[in-house]
Structures are given as structure tokens and as C-alpha cells.
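Asker: okay, predicted coordinates and the sequence, questions at the end:
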Amino acid sequence: MNKKKTYIGIISVAVMLALWEVAALRIGSEQIMPGPWATLLATIRLFAEKDFLLVVGNTLLRGLIGFAIALVLGVGLGIWAGINEKFEAFLRPWIVVMRSIPVVAFILLALIWFKSGSVPVFIGILTMFPMICTNVIEGIRNVDGKLIEMARFYHASESRIIKEVYVPAIAPFVVSGISSAFGIGWRAIVIGEVLSQPEFGIGSRMHAAQSFLNVDVLIAWTLIAILISFLFEKLIRWGEKNLIKWK
């Protein structure tokens, strides 16, 4: 079954590339729609640039900082809200606001409040935190109440109950939240770079390529961003499988 899925995935990518090539030939202008081959050459040239690693590294760093802060806040506040209904009622409007306000609105405000390099980090936190926190709260709600009653019957401390009952139970929910949050958060971080234009960043290079009508370079940077997101997704899935084995 896995081999069949792999073959279907390969066919899907091949169809995608074929449609891309047909569209490029139909338009007949590489300045508007470069074909797959021209884009591949542009991508290879990007890897050869002297500041390529600096550009990608800065975007990765911003993403990881935003993710780390969102994870700590999401798990910590999520556990507290899951245990304490009053705090959950207090926290819920904050989560609703973060989820409802368009990302662009946050970015425009952040451009006023922060330096250009900090804007993507701020946007990443606001985008990823609600998803992680909501999943943790949901995980806490699904903990078997009998286990909690048993732990308290034997006079286990609250810290021990959290460590030995809640944390193992919410682990799958946290992984699921991380997977969803990072996918959306990564896109938000790149968008933040496009608008804030820090000196080094994938989003900054995408904006520069668009300004000079270097469409092949723009698509090349987009493909690199997609590749990084794909690799992180694989890493998260690998961690999820190992978590299941651990449980």
C-alpha cells in the first residue's frame, strides 16, 4: 500500500510539472511564467550564492525562535487552562482574537511596533500559539478522569499528576498541534519577511525578485521555502512515530 501511495505521489508531481510546462509554453514568456527547467536552473544558482546560507539561516532562526516561544506558552497556558475552567474562560477570548484577526493586520501593526527582523518572529508566535494551546486544552479534556481521581486518592501532588498523567496523555495532541501550527506559522513568517524586509530572509529575497520581475528567482525561493517546510513536516512525523512507540 505504501508503494502504491508513493507511485501515486510521483504521478501527481509529474502531472503538476507537465501542466506547469504547458502553461509556460502557452504564455510564451519566461519573464511572466518560466518553465520547470528554467526554475530549476535558477534554484541551483541560488544555492551557489555566497549569502544563501545566511538568508536561509536567518529565516530558519526566526521560525525556530517563534516556534519555541509559541510552544512553551501554548503548552504551559494550555495545561493551566485545561485544568482550571476559570482560566480557560479567561484565555478563550484571547485565542479567538488571535485566530480571527487577519495575519496581514498583525504584520502592519508589528511594522510599527518592532524592528524588521522581529516582525516575522512576532507573527509566528501569534499564528502558532493558538493552535498549540487549543490542542493542549483538548488533550487535557480527554484525560481519563478516573486516573486523576486515583492519583488524588493516593495523595499525589498536583505537579506529579501533571508530569505523570497529563503530559503523557496530551503528547499526541501536542504533536498534532505542532504539525498544524508549524505549517501555517512558517508561511506567516515568510509573509512577515516579505512585508518587513529584513536584510537577510527568504521573504526579503522573494520581494526583491518580484520587484525586478525575476519570476524564475521568485519561484525558486518559493520552492526552497516549500522544501524546508516539507523537511520539518517529515521531522515532526518521525517524532510522532517515535512518540507512539514510546507510549
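Answerer: Perfect, thanks for sending it.
Asker: okay, CA-based contacts and neighbour counts for the rest of this
Answerer: Will do.
Asker: could you list the domains of this protein?
Answerer: The record, using automatic domain parsing to delimit domains, assigns the chain the ranges 1-30, 34-243.
Asker: mind putting those into JSON lines with mean pLDDT?
Answerer: Compiled in JSON lines, the domains of the chain are given as follows (pLDDT from 0 to 100):
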{"stretch": "domain 1-30", "mean pLDDT": "81"}
{"stretch": "domain 34-243", "mean pLDDT": "85"}
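Asker: what does the nearest residue to residue 117 once chain neighbours are set aside show for phi and psi?
Answerer: The spatially closest residue to residue 117, leaving aside those adjacent along the chain, is residue 198, at 5.2 Å (Cα to Cα, 6 or more residues apart in numbering). Main-chain dihedrals, residue 198, degrees, to the nearest 10: phi -70, psi 170.
Asker: so residue 198 sits against residue 111, correct?
Answerer: No: Residue 198 sits out of contact with residue 111 when judged by Cα atoms under 8 Å, with a separation of 11.1 Å.
Asker: neighbour-wise, which of these two wins?
Answerer: residue 198 (22 against 17; other Cα atoms under 10 Å).
Asker: which ones are touching residue 17?
Answerer: Residue 17 makes contact with residue 36, according to Cα atoms under 8 Å, 6 or more residues apart in numbering.
Asker: measure it to residue 121 for me?
Answerer: Plainly put, residue 17 is 33 Å away from residue 121 if you go by Cα to Cα, to the nearest Å.
Asker: name the element the spatially most central residue of the chain belongs to?
Answerer: Against the mean C-alpha coordinate of the chain, by Cα atoms, centre = their mean, the closest residue is residue 182 at 1.9 Å. Element membership for residue 182 (DSSP states H and E) is helix 167-196.
Asker: show me which residues of that helix are buried.
Answerer: Of the residues in helix 167-196, those buried by neighbour count under the rule 16 or more other Cα atoms under 10 Å are 167-179, 181-183, 185-196.
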